[in-house]
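A.B. asks: Here is a sequence with its predicted model. Questions after.
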Amino acid sequence: MYQQRYLITGGSGFIGTELIKQLLLENHDVTVLTRNEVNTAKHFAAVMDAEREDFQTKAKVKTISSLDSINPDQSFDAVINLAGQGIADKKWTNEVKQQLIDSRIDTTKALYEFLNEALIKPEVVISGSALGYYGVDATNESINENGDTDNSFSSQLCQQWEAEAQKIEALGIRTCYLRTGIVLGKGGGALAKMLPPFKMALGGPIGSGKQWMSWIHMTDIVGLIRYAIEQESIIGAINGTAPVPVTNKEFSKTLGKVLKRPAIFPMPEFVVKLLFGQMGEELLLAGQRVVPEKVTQAGYRFKYANLESALRDIV
């Protein structure tokens, strides 16, 4: 297999860790932009040690804390921009909102400046975004990559993020904006926060339970990223979701079924608003019925198109 060269931001996050693990197992060359080179190197050393005994003789990440440390004549086959503070980690104060914006915009802007000066441009850039792009949707209509935006914070955040990445596309580089849904995987993400109460038979729908949850298995979000890199016809927005979204009520029922626990204890809307504020209103009480039309038409085949099979694989 041809050894490819990747530059990745946000590499030690939930998606980035799994993506880089797969790339290293195939002996690709991976450079990670990180604020803490030592901790990131230790993180991936531990990840890879858990995968194989002969890690020291195989590929491992190269870490950098600044894009300025890359020589202008160094080339990469693909750049994957996953940087950004977790959007559901904290209540959205004005300070946290600014941190969410800065952590995405600043890194994307730095990437543009680096690529503008690079003597050899990458073939493709995959730049992160999220389903929040489509705003607080209250309809049951399916949304493809041409869906509308609104004035909610999550939508404005994603619009700014993608607008910054569009400057990269203007350099003549094929650029994709990965609008990621709720990623389901082991050891992190939304499911890690949901499992404890459900395992104790205290789980249930949030609010009315009618809001849509557009989810995707970790295997497929990583697979989708790699497919988009390989397929030159894929450009612009990509919905990173499984083809069959479900309502929050259906998600809760299915998770309870997989865990063999009842899922009958709802979290009332007023409790969500009290505990999580605007973040809860936009991310927990609202939802969008998003479908991955572009990658499906391009021929990507999902390994986990069904929620129950996805949850059974994970839990």
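C.D. replies: Cool, got the structure.

A.B. asks: Would you mind listing the residues in contact with the residue nearest the centre of the chain?
C.D. replies: For the chain, Thr180 is the residue whose C-alpha lies nearest the centre (Cα atoms, centre = their mean; 4.7 Å). Neighbouring residues of Thr180 by Cβ atoms under 8 Å, 6 or more residues apart in numbering: Ile15, Gly128, Ser129, Ala130, Leu131, Ile216, Ile221, Gly240, Thr241. From N, CA and C alone the C-beta is placed, and that goes for glycine too.

A.B. asks: ok, now how distant is it from Ile225?
C.D. replies: 10 Å (Cβ to Cβ, to the nearest Å).

A.B. asks: shared neighbours, these two?
C.D. replies: In contact with both Thr180 and Ile225: Ile15, Gly240, using Cβ under 8 Å, 6+ apart.

A.B. asks: now Thr149, what's its secondary structure?
C.D. replies: Following DSSP: H, G, I helix; E, B strand; the rest coil, Thr149 is assigned to coil.

A.B. asks: Could you check how many residues crowd around it?
C.D. replies: The number of residues packed near Thr149 is 15, by other Cβ atoms under 10 Å.

A.B. asks: does Ser129 belong to a helix or a strand, and which?
C.D. replies: strand 124-130 (DSSP states H and E).

A.B. asks: tell me the mean pLDDT for the helix or strand that that strand is followed by?
C.D. replies: Sequence-wise, the next helix or strand downstream of strand 124-130 (DSSP H and E) is helix 153-169. Helix 153-169 shows a mean pLDDT of 97 in the predicted model.

A.B. asks: same for helix 153-169, what does it pack against?
C.D. replies: helix 94-117, strand 124-130, strand 174-180, helix 269-283 (3 or more Cβ pairs under 8 Å, 6 or more residues apart in numbering; DSSP states H and E).

A.B. asks: Could I get the buried residue list for it?
C.D. replies: By 16 or more other Cβ atoms under 10 Å, the buried positions in helix 153-169 come out as 153-159, 161-162, 164-165, 167-169.

A.B. asks: Among these, which one lies nearest to Gly10?
C.D. replies: Using Cβ to Cβ, Trp161 comes nearest to Gly10 of those, at 12.1 Å.

A.B. asks: List the residues that contact the closest one.
C.D. replies: Trp161 neighbours (Cβ under 8 Å, 6+ apart): Gly84, Arg104, Ile105, Thr108, Ser127, Gly128, Ser129.

A.B. asks: Before I go, just wanted to say thanks for your time.
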